[in-house]
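Chemist: quick one, structure for this:
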Amino acid sequence: MSTYFITGATGTIGREVVNNLLTKKEQVIAGTRNTQKVQDVFENSVTGVYFDYEDKTSYQEVLQSDGIFLLGPPLNPGLYELLEPFVDYLQENYKGRLIYLSGNGMENLEELPFHKKMEEKLRNSSLQWNIVRPGFFMQNFGNYERENIQDRNIIFSPAGEGKSSFVSSKDVGNAIAKLLTDQNRIKETHVLTGAKAYSHFDVASMLSNLLGREITYPNPDENTYKQVLKESGAPDFIADYMIPVYGMIKQGKVSEVTTAIKDLTGQEPESLEEVLKRDFL
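Modeler: Reported below is the predicted structural model:
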């Protein structure tokens, strides 16, 4: 039995990583600023310890682990600067494996260069790293578009007519757990996708069939998207962050389909329809 240190353990991906490791009877330490939340989610199956990227005195909590899952908080353009001191600490003090959660296409996104910079830092380090670049999560429709879908019968994202190879967060978590526990896999980069690419028009059609009512995708332009977010009370930086991210779909840069999920886990990736049924029915 090995021990793994998981950041973001109660989030969309971290929770899936933890659940997979627990099925393998591994020990899990959840690094968090809120240990009570870890207790509420996982009860006594996970050890929650205080950990904060901005508090260097908390870094030593990782030293008793055999592997680390590293991800930063979402929607943070300063992610590289936040994580860099911790990675520097690991470089000097840590011998285990490290899995970094990047994002498919983000390595080429000049407006938001933090993942590219962190990937380069890891590649130039002596750490036993692996990098995963998942596509857009299938669960985002349930997590972030639910109100639009349920109350307004729309999907509202500036993704244009492009397609994305959406991937299930469960599959991503399982792949990360595999990389953590497989000592033979180091210094690899994996692009994690589903088995098929879909446009937002396709997703709206699929939801219409599942829910028995018409769901539309109005394909808002960037100015309309920004204005609607502003009117809803969202800070300006949210639109400034999300527009270039969705622009990768719009420009056809994230439609690639890979076999990485099956290669790593031995299982076919979940389909978008499976996930939407689970999230909305």
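Chemist: alpha carbons only for contacts and neighbour counts from here, please
Modeler: Fine.
Chemist: distance of P158 relative to E81?
Modeler: 28 Å (C-alpha to C-alpha, to the nearest Å).
Chemist: for the stretch 101-250 of the chain, which segments count as helices?
Modeler: With DSSP state H, counting those that start in this stretch as the criterion, the stretch 101-250 of the chain has helices at 114-123, 140-144, 146-147, 169-181, 200-211, 222-231, 236-250.
Chemist: mind checking which of the ones you listed is nearest G162?
Modeler: helix 236-250 (4.5 Å; C-alpha to C-alpha).
Chemist: buried sites along stretch 242-255?
Modeler: Residues of stretch 242-255 classed as buried by neighbour count (16 or more other C-alpha atoms under 10 Å): 242-250, 252-255.
Chemist: hmm, who's touching that stretch?
Modeler: Outside stretch 242-255, the residues that touch it by C-alpha atoms under 8 Å, 6 or more residues apart in numbering are 104-106, 109, 111, 135, 157-165, 197-198, 222.
Chemist: contacts only, for V172.
Modeler: The contact partners of V172, taken as C-alpha under 8 Å, 6+ apart, are 13, 16, 134, 192, 261.
Chemist: now for L281, how many residues are close by?
Modeler: Counted with other C-alpha atoms under 10 Å, residues neighbouring L281 total 8.
Chemist: need the per-residue pLDDT for N93.
Modeler: We note a pLDDT of 98 for N93 in this prediction.
Chemist: what distance do you get for the spatially closest residue to L82 that is not a sequence neighbour to A177?
Modeler: Nearest residue to L82, sequence neighbours excluded (C-alpha to C-alpha, 6 or more residues apart in numbering): Y53, at 6.5 Å. To A177, Y53 is 22 Å away according to C-alpha to C-alpha.
Chemist: which one of these two has more residues nearby?
Modeler: Neighbour comparison, Y53 and A177: the larger count goes to A177, with 26 against 19 (by other C-alpha under 10 Å).
Chemist: now do the SS call for the residue nearest to the more buried one when sequence neighbours are not counted.
Modeler: Closest residue to A177 apart from its sequence neighbours, by C-alpha to C-alpha, 6+ apart: V17 at 5.5 Å. With DSSP: H, G, I helix; E, B strand; the rest coil as the basis, V17 sits in helix.
Chemist: going forward, the N-terminal residue is numbered 2.
Modeler: Sure, I'll start counting at 2 from here, so that last one is V18.
Chemist: spit out the contact partners of V18.
Modeler: 7, 10, 174-175, 177-178.
Chemist: related to what we said a few turns ago, buried only: go through the contacts of stretch 243-256 for me.
Modeler: Burial by neighbour count, judged by 16+ other C-alpha under 10 Å, picks out 105-107, 110, 136, 158-166, 198-199, 223 from these.
Chemist: which of these fall in strands?
Modeler: Using DSSP state E to define strands, the subset of those located there is 164-165, 199.
Chemist: adding distance to L208 and pLDDT, write the residues you listed out as TSV.
Modeler: Converted to TSV, these look like this (distance: C-alpha to C-alpha, whole Å; pLDDT from 0 to 100):
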residue	distance to L208	pLDDT
K164	16	98
S165	16	98
Y199	13	98
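Chemist: still on that earlier bit, just the pLDDT at the residue nearest to A178, thanks.
Modeler: V18 carries a pLDDT score of 98 in this model.
Chemist: how much space is there between it and V246?
Modeler: According to C-alpha to C-alpha, V18 and V246 sit 24 Å apart.
Chemist: okay, how far is it across stretch 145-156, tip to tip?
Modeler: End-to-end distance of stretch 145-156 (C-alpha to C-alpha): 10 Å.
Chemist: now that stretch: mean pLDDT?
Modeler: The average of the pLDDT scores along stretch 145-156 is 97.
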